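> my questions are about this predicted structure, shown below with the sequence.
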There are 2 protein chains.
Amino acid sequence: MKKFINGVDQVENQMIQGMVKAYPGYLRKLDCGNVVVRANKKEGKVALISGGGSGHEPAHGGFVGEGMLDGAVAGAVFTSPTPDQILEGIRAIATDKGVLMVVKNYTGDVMNFEMAAEMAEMEGITVKHVVTNDDVAVDGSLYTVGRRGVAGTVFVHKIAGALAETGADLDEVQAVAQKVIDNVRTMGAAIAPCIVPAAGKPGFELSENEMEVGIGIHGEPGTHKEAMRPADEIVDMLLDKILADLDYSGSEVAVMINGAGATPLMELFIINNRVADVLAEKGIKVYRTLVGEYMTSIEMEGFSISLLKLDDQMKELLDAKADTPAWKE
Amino acid sequence: MKKFINGVDQVENQMIQGMVKAYPGYLRKLDCGNVVVRANKKEGKVALISGGGSGHEPAHGGFVGEGMLDGAVAGAVFTSPTPDQILEGIRAIATDKGVLMVVKNYTGDVMNFEMAAEMAEMEGITVKHVVTNDDVAVDGSLYTVGRRGVAGTVFVHKIAGALAETGADLDEVQAVAQKVIDNVRTMGAAIAPCIVPAAGKPGFELSENEMEVGIGIHGEPGTHKEAMRPADEIVDMLLDKILADLDYSGSEVAVMINGAGATPLMELFIINNRVADVLAEKGIKVYRTLVGEYMTSIEMEGFSISLLKLDDQMKELLDAKADTPAWKE
């Protein structure tokens, strides 16, 4: 394993320290552990918190800031944060308008976030949550009952975060977060695995000419392995499954082409070239496209396509001002 | 070679198409080839053009937009654009205030941009240029006489672009671009090579425990190969060379931790953690830090550190409004 790290036990902490040192105007790290919150707490708004295992950068700390999250909790690589850690985050960001937790659907994450919420409620903090589950590849997987929450989660951060920033109530912010979840679908593929530092070896194996279709963001198995194909054919296969899952006909969508960590932008643009053409053929109007790394899997070589079916409210909130390390608007 | 592409002869064109389809509000592709210009041409300002071989995305097309470039020319992967291609770009963006070309110091780039400028001058377009050469690793290399232009080039785009946007004259814009060049230094390292699609095999070889120190952005050899070391020691080695090359004592700097393509953000933040600590120890004040992919080498696994010594003018222009696909301010 060759990585630019200092020791497998220092990865998460030094990453968070390095992130906060890069963006001191945006982020503050809590003393208790790997939790980042806005450098300047904003009162009078619903506070949004998200997080999960480390290894998905810029998610989630990179999305802390005006118009998106108020706090993000980073567990060990690909490991849920602890309830105590999440509770510290909730305490730090809580306002009298309450807290919304944006949780990806993994058994450990859901359990620990819910446990933290219960503890916070006992302290008089109002906490609600939504669970993202945008991955259409498989129902249930290594760490999940039901569908997995993947890159589409970032649309929830953006849109619910923008509504929260206006001073909307907790119920309204939760409702719009759920609306995004109801309208976003994602699927991905990978051609090379990543190495969790503490494991020291690749999370899965692929032969020289093989890809994993429907891969999860921790390298969990997808629908199947098959021989590598041209990019356009892979896109078509993923889009077929996404478009079969939700009726996008005649709608406007936001597209996210998300890099898994080691996939060059060159290839993500080649992928988008096909996505744009297919959607145009099908009469689905692209309102906006995002290409880049939003929800990575360390250095996995792969990508996902997310399609969010938009209405006027979501369009306005998607384009509303955001000022975070990884999403500026 | 496993890549998300459709054919090695379609890479550059489909990439540019996919980029323009992602950002139609920002970019327009010229019919003549792989040249992108602002979707809405702005008159009354010096027009900035840059470019080079493809494979460095988001450079350079991703930096076309308000406050940065007016056009970018993309050659084949790691290959200089042709004079004709550059001339088409110059023609498309030229205004009565003239054109500034930002060229990285590679023999082919310098020659072809200069040739294009001569042709443009014959058509009555005023063209000046600057040549970036921020890489302190080696003097002269595979494609270069003198030092190589690498990630520090993006600071030139940003700062000269911001001044151009104010309506400043060509001489002033050229002068500030040269000031950035005079004050920025970069050095990098890599632990895994990239594959140029048309070549089909890695550009260099490293053993399982080896790194290349002082690597160029096309995988050109650096100062030496050596056994892999902890991230902090690699950072110290690179910073030593950078800090020995220019007197940064008591100054304020902008830091860029640039990922080469396959290096996860996790590792770039770990690197920044050490960079921030070393600069603090040495009394060099960090005005601002950028962490991410600015000037990549397809899927090379590596990074570079750039330090730009700032004055008040550069600080103001660095923070001035920019609205491009890859840099928003």
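That came in fine, so what should we check first?
> host element of A:E121?
For A:E121, the host element (DSSP states H and E) is helix A:107-122.
> which other helices and strands does the next helix or strand after that helix contact?
As assigned by DSSP H and E, the chain's next helix or strand after helix A:107-122 is strand A:127-132. Here strand A:127-132 touches strand A:99-104, helix A:107-122, helix A:153-165, helix A:170-183, going by 3 or more C-beta pairs under 8 Å, 6 or more residues apart in numbering or on different chains; DSSP states H and E. In short, each C-beta sits where N, CA and C put it, glycine included.
> neighbours of A:E123, how many?
11 (other C-beta atoms under 10 Å in any protein chain shown).
> could you say which helix or strand holds the nearest residue to it once chain neighbours are set aside?
Spatial nearest neighbour of A:E123, chain neighbours left out: A:R91 (7.4 Å); criterion: C-beta to C-beta, 6 or more residues apart in numbering or on different chains. Element membership for A:R91 (DSSP H and E) is helix A:83-93.
> and A:G52, by the same measure?
strand A:47-54.
> distance from the chain centre to the helix or strand just after that strand, please.
Next helix or strand after strand A:47-54 toward the C-terminus (DSSP H and E): strand A:71-77. Relative to the chain's own centre, strand A:71-77 is displaced by 12 Å; criterion: C-alpha atoms, centre = their mean, to the nearest Å.
> what packs against strand A:71-77?
Secondary-structure packing of strand A:71-77 (3+ C-beta pairs under 8 Å, 6+ apart): helix A:11-22, strand A:35-38, strand A:47-54, helix A:83-93.
> can you tell me which of those is most buried?
Among the helices and strands packed on strand A:71-77, ranked by average contacts under mean count of other C-beta atoms under 10 Å in any protein chain shown, first place goes to strand A:47-54 (a mean of 28).
> quick one, that one and strand A:71-77 angle?
Angle of strand A:47-54 versus strand A:71-77, following axes from the mean of the first three to the mean of the last three C-alpha atoms, to 10 degrees, is 10 degrees.
> pLDDT (mean, whole number) over strand A:47-54?
Taken as a whole, strand A:47-54 has an average pLDDT of 98.
> run the chain-centre distance for it.
The chain centroid and the centroid of strand A:47-54 are separated by 9 Å, computed with C-alpha atoms, centre = their mean.
> same thing with stretch A:74-93?
Computed by C-alpha atoms, centre = their mean, the chain-centroid distance of stretch A:74-93 equals 16 Å.
> quick one: residues contacting the residue of the stretch 1-150 of chain A found nearest chain B.
The nearest approach of the stretch 1-150 of chain A to chain B comes at A:G18, 3.3 Å away (C-beta to the nearest C-beta). Applying C-beta atoms under 8 Å, 6 or more residues apart in numbering or on different chains to A:G18 gives the contacts B:L268, B:F269, B:I270, B:I271, B:N272, B:N273, B:R274, B:A276, B:V291.
> before we move on, what about A:I234?
Per C-beta under 8 Å, 6+ apart, neighbours of A:I234: A:A189, A:M211, A:V213, A:I271, B:F4.
> please name the bridge partners of the third one.
In this structure, A:V213 has the following beta-bridge partners (DSSP bridges): A:A189, A:H224.
> burial count for it?
Neighbour tally, A:V213, other C-beta under 10 Å: 21.
> you'd agree it is up against A:E226?
Yes - A:V213 is in contact with A:E226 according to C-beta atoms under 8 Å; the separation is 6.3 Å.
> which neighbours do the two share?
Common contact partners of A:V213 and A:E226 (C-beta under 8 Å, 6+ apart): none.
> okay, now A:A244: neighbour count?
Neighbours of A:A244 using other C-beta under 10 Å come to 11.
> tell me what angle the helix or strand containing it forms with helix B:11-22.
Per DSSP H and E: A:A244 is located in helix A:231-245. Orientation check (the same axes, to 10 degrees): helix A:231-245 against helix B:11-22 gives 30 degrees.
> what residues sit buried inside helix A:231-245?
Buried residues in helix A:231-245, counted by 16 or more other C-beta atoms under 10 Å in any protein chain shown: A:A231, A:D232, A:I234, A:V235, A:M237, A:L238, A:L239, A:K241, A:I242, A:L243.
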